[in-house]
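Peer 1: Show me how the following folds:
(2 chains)
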Amino acid sequence: MAESPITSRNQDFATWYQDIVLQGDMAEPAEIVKGCMVIKANGYAVWELLQRQLDDRFKASGHQNMYFPLLIPQSFLQKEAEHVEGFSPELAVVTVAGGKQLEEPYVIRPTSETIIGHFFAKWIKSYRDLPVLVNQWANIIRWELRTRMFLRTTEFLWQEGHTAHANHEEAMEEVLRMLDVYADVAENVMAMPVIKGLKTQSERFAGALRTYSIEAFMQNGFALQAGTSHDLGQNFGKAFDVQFQNSEGQLDYVWQTSWGVSTRLIGGLIMSHSDDKGLVLPPKLAPTKAVMVPIYRKDDEKAKVLEAAHRIAKDVGAKIDDREGQSPGAKFFHWERRGVPIVLELGPRDLAAGNAVLKRRDTGTKEPMPQA
RNA sequence: CGGGGAGUGGCUCAGCCUGGUAGAGCACCUGGUUCGGGACCAGGGGGUCGGAGGUUCAAAUCCUCUCUCCCCGACCA
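Peer 2: As a prediction, this is how the structure comes out:
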């Protein structure tokens, strides 16, 4: 019996988390780039599934995807007093480009309210232009003091929604609508129960009137802020002069919202479901839903088992693990650590009985499954 | 930024205290036997010990400086 490469949750939760991420082929520290990670195949595939679920809901509620520059003129950040105060300490700044000192440095976006505010001002003239409902899938950089894979990395992937409305009521409806979308995805896709609520004044987004969040509970009893939705009021509208004429012909500033979830969700997913044996993924977010492990000894068995295993795997949509030189035991551990929800076993005994063995990752239970 | 830990084949680490020209396990390659929860035997390839300087006949090992990563705390999606 080989020793498990995974530290138990009771022994050391933080180390357990790291082990799960590493052993589950989710990510690894980039090392050469401070605080950054390489999102590996299994982790990125989960992110893609999660993106799809979120994106479908954004589109269904009238939002459109756009893309804004990674680099933002430094002066933009300074236009909103609280915003600059909140983000200045964690900005990465580009001062040299093309071999020359830049006249005005660019900051690498920590979030895009400012640059999007600039363009909203160009695009919005009339109440008929409203609402503007934009989403951006992007990477951002925040120079955090301490990082943990997925939970807080220097660079991370996220989506940021940015909307502009004619009045505060509509903006607030949007803020709460998107909070509900986040809660829906968390609970019904990620199987991660959350509590919706209002953040305290000290915890709200820098530049927002109010910040709402969904909070999830982890196995160590900690809460994880899993998504936020901000009522920006007219703060950015005023800072970037986003004015429009209302139906009475008067000038007014737009009411804006912004909302985002990030690759941190994957950290929450891991800390919600995984166990001391490895990653556990809910079926809706599992890149590989089922794996078939064929078992055989002699050559004549091998031919029969492989033939049936391939056939059954194809029928049920399972990936077949027919790697040579790996024992079945080694394969079981391999897939268990990667969170595959269903592992099927097929050997001579099952062949004779007309069954395959079906094992669930979440419960660990095994049951016979008819081959037909 | 404060506190702790660690940098030695791809990975995990031993060796350092008591200097004497680099080891183990895993992984990898070849051959054979295996295969129902991490197989075994035999053979083989691969490192100059984070970096710089110093002491010494001789430095992974002693001294000085330095860089990086990880964990805990404060800050944040």
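
Peer 1: mind listing the helices for chain A?
Peer 2: A:13-23, A:41-60, A:74-77, A:81-87, A:113-123, A:168-188, A:235-239, A:264-273, A:299-316, A:328-337, A:348-353 (DSSP state H).

Peer 1: what's the angle between the second one and helix A:13-23?
Peer 2: Spelled out, that is helix A:41-60. 90 degrees (axes from the mean of the first three to the mean of the last three CA atoms, to 10 degrees).

Peer 1: can you check the longest one too?
Peer 2: Here helix A:168-188 points in a direction 80 degrees away from that of helix A:13-23 (the same axes, to 10 degrees).

Peer 1: now the fifth one
Peer 2: Inter-element angle recorded for helix A:113-123 and helix A:13-23: 60 degrees (by the same axes, to 10 degrees).

Peer 1: buried set for helix A:113-123?
Peer 2: A:113, A:114, A:115, A:116, A:117, A:118, A:119, A:120, A:121 (16 or more other CB atoms under 10 Å). All C-beta atoms are positioned from the backbone trio N, CA, C, and that covers glycine.

Peer 1: in chain A, which residue is closest to the centre?
Peer 2: Among the residues of chain A, residue A:263 comes closest to the average C-alpha position under CA atoms, centre = their mean, at 3.3 Å.

Peer 1: Dump the helices of chain A to CSV, plus mean pLDDT.
Peer 2: Shown next, in CSV, are the helices of chain A (pLDDT from 0 to 100):
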stretch, mean pLDDT
helix A:13-23, 90
helix A:41-60, 97
helix A:74-77, 94
helix A:81-87, 90
helix A:113-123, 97
helix A:168-188, 98
helix A:235-239, 96
helix A:264-273, 95
helix A:299-316, 93
helix A:328-337, 95
helix A:348-353, 94
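
Peer 1: Let me know which of those helices is the nearest to residue A:359.
Peer 2: For residue A:359, the closest of those is helix A:328-337, at 8.2 Å, according to CB to CB.

Peer 1: relative to helix A:13-23, how tilted is the closest one?
Peer 2: Using the same axes, to 10 degrees: helix A:328-337 against helix A:13-23 is 120 degrees.

Peer 1: what sits up against helix A:328-337?
Peer 2: A:6, A:23-25, A:277-279, A:288, A:291, A:293-295, A:321, A:323, A:326, A:343, A:345, A:347, A:361 (CB atoms under 8 Å, 6 or more residues apart in numbering).

Peer 1: Kindly recompute the last result at 6 Å.
Peer 2: A:23, A:24, A:277, A:278, A:291, A:293, A:295, A:321, A:343 (CB atoms under 6 Å, 6 or more residues apart in numbering).

Peer 1: What residues of that helix count as buried?
Peer 2: A:331, A:332, A:333, A:334, A:335, A:336, A:337.

Peer 1: Distance-wise, check the third one relative to residue A:323.
Peer 2: Computed as CB to CB, to the nearest Å, the residue A:333 to residue A:323 distance reads 13 Å.

Peer 1: For the residue nearest to residue A:318 when sequence neighbours are not counted, give the beta-bridge partners.
Peer 2: Using CB to CB, 6 or more residues apart in numbering and skipping residues adjacent in sequence, the residue nearest residue A:318 is residue A:290, 3.8 Å away. Beta-bridge partners recorded for residue A:290 (DSSP bridges): residue A:342.

Peer 1: what about residue A:290, distance to residue A:9?
Peer 2: Note on residue A:290: its distance to residue A:9, by CB to CB, is 26 Å.

Peer 1: more neighbours, these two?
Peer 2: residue A:290 (21 against 17; other CB atoms under 10 Å).

Peer 1: any idea how far the more buried one lies from residue A:156?
Peer 2: For residue A:290 relative to residue A:156 (CB to CB), the value is 31 Å.

Peer 1: ok, and which of the buried residues of helix A:328-337 reach RNA strand B?
Peer 2: A:332, A:333, A:334, A:336, A:337 (CB under 7 Å from any atom of the strand).

Peer 1: Could I get the contacting residues of residue A:244?
Peer 2: A:124, A:125, A:126, A:127.

Peer 1: List only those of those residues flagged as buried.
Peer 2: For the contacts of residue A:244, a burial check counting by 16+ other CB under 10 Å picks out A:124, A:127.

Peer 1: Using a markdown table, lay out the contacts of residue A:244 together with pLDDT and distance to residue A:195.
Peer 2: Shown next, in a markdown table, are those (pLDDT from 0 to 100; distance: CB to CB, whole Å):
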| residue | pLDDT | distance to residue A:195 |
| --- | --- | --- |
| A:124 | 98 | 35 |
| A:125 | 97 | 41 |
| A:126 | 98 | 40 |
| A:127 | 98 | 36 |
